Structure formats: structure tokens, C-alpha cells
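**Student:** Give me a 3D structure for the following:
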Amino acid sequence: PSRASADSGKKLVLRKVQTPIVVDGVIDQSWSQADSAADFVQQAPYHGKDPSRRTVAKVLTTNRSLYCIMICYDERKNVQRTRGVLDDFAGDVVSLMLDTFNDKRTAYKFAVSASCVRADCRLLDDARNRDYNFDAVWRAATRIYDWGFVVEMEIPYRSIQYHEGMTEWGLDFDRWIPTLNEYIYCNGYEENEGQR
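**Tutor:** Alright, predicted model coming up:
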């Protein structure tokens, strides 16, 4: 069966913590306070179908930074840890996308591979175009486990632009699973509409 569209009304509550998260790829106790998103949907190869592997994404905030954790289940032998350089890598990858003006047309994308190579860009024109000239100051860490891998990110608010008076941002997460040629998102998108 087909799953929810990007405008389906999914919401994730951003909870505030007083102590900064240690970005090390370990799922520490702070993450138990966070709201989570786990109902991902395939974009490819089987559009609209359930993913083959479970993924859980969570976000928390302090006054200074937004934190994200993505917990990616798979067998250790399947996790591809390909080397690379900033904005250019392969292997298992997860991303956090933030529409900080809630305009449903542009967003920031922060991606991290299982080997902890990072990429960041601006998504333009419903993500049909990407501007890799955008380079923010942010941190990430990964850790491989027998049951999969974990990616943690810290994005300082000073590294991105946003409207201070807004109470909601657009948000999405994705995961590329190369052993299955599978691309999954938290929000579903029609194949012809881009990531509105």
C-alpha cells in the first residue's frame, strides 16, 4: 500500500535539553526524551512501499544547537563504510533536511556516511537543484554496531539562516541503503513533484 505524502501532517516535537549532547555515535540517556520518527517509506526502488530495514530518527535542541540521531538497523556485514571527502562519498548514508523558513521549496541538507564523511548543501527548487557551495560549521560522529550503525549530528544555529519568530520548520530524514539500492524518506514524495 502507498504511504503518506510529504504534506500528510506528520509532526515531530522538538524537545529542549539543558546539557549539550555528546556527539559520539552512542545512544545515551538524553535521547530517551526525544520524539522519534520511524515510519519511513521507500522512494526507490519500490515507490511508496515499506522499507526493507528499520530506521529511527530523533532531534533535540539546546539554546545553541540542533542535535539529530539516526539509528539504522542492518547486519554489520551489509554496512558499507566507503571513504570520501567533504561533499563527495558513497556507501551507507543518512541525511537531515531542514526547511528553516517553512516555504516548502528550499532547505538545508546535512548528510553523513557510515564512515563519517559529511556533506552539506542547500536544496533549491523543491530539491531538484542542490548548491554544494554552502558549507556550514557542524559536527557528526558515527559508530558501527552488530545490529547496524548510528549517526549523530550537531548543527549550531549560528551556521544556518532561519526566521526567529517561526514555531514550525519543515523537516525530513532520508537513508540510502546501497546493498539494496534502496532510498527511503520519512516523508513520502510523488515521483514527479520533487521534495516539496
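**Student:** Please name every helix or strand in contact with the helix or strand bottoming out on mean pLDDT in the chain.
**Tutor:** The helix or strand of the chain with the poorest confidence is strand 129-131; it has a mean of 74 (mean pLDDT, DSSP states H and E). Applying 3 or more CB pairs under 8 Å, 6 or more residues apart in numbering; DSSP states H and E, one finds that strand 129-131 makes contact with strand 118-124. To be clear about C-beta, it is placed using only N, CA and C from the backbone, and glycine gets the same treatment.
**Student:** And the residue nearest the centre of the protein?
**Tutor:** residue 96 (2.5 Å; CA atoms, centre = their mean).
**Student:** OK, contacts around residue 75?
**Tutor:** Residue 75 sits next to 146, 147, 148 when contact means CB atoms under 8 Å, 6 or more residues apart in numbering.
**Student:** Please state the offset of the least confident helix or strand of the chain from the chain centre?
**Tutor:** With CA atoms, centre = their mean, to the nearest Å as the basis, strand 129-131 stands 17 Å off its chain's centre.
**Student:** which residues are in contact with it?
**Tutor:** Counting by CB under 8 Å, 6+ apart, 109, 121, 122, 123, 124 sit against strand 129-131.
**Student:** Can you add pLDDT, distance to residue 178 and neighbour count and give those back as a markdown table?
**Tutor:** A markdown table is the format used below for these (pLDDT from 0 to 100; distance: CB to CB, whole Å; neighbours: other CB atoms under 10 Å):
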| residue | pLDDT | distance to residue 178 | neighbour count |
| --- | --- | --- | --- |
| 109 | 94 | 18 | 21 |
| 121 | 91 | 20 | 22 |
| 122 | 91 | 25 | 18 |
| 123 | 87 | 21 | 23 |
| 124 | 81 | 26 | 13 |
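**Student:** Show me which of these is closest to residue 38.
**Tutor:** Nearest to residue 38 among these, counting by CB to CB, is residue 109 at 20.4 Å.
**Student:** Work out the sheet partners of whatever helix or strand that closest one lives in and label each with its direction, please.
**Tutor:** Of the helices and strands defined by DSSP states H and E, residue 109 is found in strand 107-113. Strand 107-113 pairs in its sheet with strand 93-99 (antiparallel), strand 118-124 (antiparallel), by DSSP bridges.
**Student:** Can you show me the strands along this structure?
**Tutor:** 15-16, 36-37, 41-44, 55-61, 65-73, 93-99, 107-113, 118-124, 129-131, 139-145, 148-156, 170-177, 182-185 (DSSP state E).
**Student:** is residue 172 in a bridge, and if so with what?
**Tutor:** Note on residue 172: beta-bridge partners by DSSP bridges are residue 97.
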